[in-house]
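[1] Below are the sequence and a predicted model; questions follow.
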Amino acid sequence: MIYLDTHVVVWLYSGLTDKLSDLAKTLINNHEVYISPIVRLELQYLYEIKRIKDDPDLIISDLSSQIDLKICNKNFNNIMSIALTITWTRDPFDRIITANALIDNNILLSKDQKILDNYLYAKWEQ
């Protein structure tokens, strides 16, 4: 089981697989792929400010069909408890996305250097 950061979801949906590292492609192809529910909200923000063209439900539905993407259903209260302990970022999305993966020490696929530097199970490699 792996989790995707929001930018990875956007790149996959947009067909920008050249932005993915070889490790990222391998992990996506060989694991169950999940997102935190908060990714849906971050996608909505990106849609509202016109950084992406399609609404989150269309993106998630499309990736669900393509790569069997699932939205995680872990207890949100537990996720928030862990997010409160993540002090290396002020970005609420990054805190919650990382906390979601951290509950079971799952891999979080992200190119975000701050996440890579601070979350032991974050993966990217170029």
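    Cool, got the structure.

[2] From now on I want contacts and neighbour counts done on CA atoms only, so please keep to that.
    Noted.

[3] With adjacent residues omitted, what lies nearest to N100?
    I79 (5.5 Å; C-alpha to C-alpha, 6 or more residues apart in numbering).

[4] residues touching the one you found, list them.
    I96, A99, N100, I103 (C-alpha atoms under 8 Å, 6 or more residues apart in numbering).

[5] at 10 Å instead, please
    S36, R95, I96, I97, T98, A99, N100, A101, L102, I103 (C-alpha atoms under 10 Å, 6 or more residues apart in numbering).

[6] ditto for K19
    V8, W11, L12, K25, K111, Q126.

[7] same thing with H31?
    M1, I2, Y3, I67.

[8] Please, a ChimeraX command that selects the buried ones among those?
    Here is the ChimeraX command that picks out the buried ones among the contacts of H31, judged by 16 or more other C-alpha atoms under 10 Å:
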select :2,3
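
[9] Out of the contacts of H31, list just those in strands.
    Using DSSP state E, the subset of the contacts of H31 located in strands is I2, Y3.

[10] ok, of the contacts of H31, which one's closest to D91?
    Y3 (17.6 Å; C-alpha to C-alpha).
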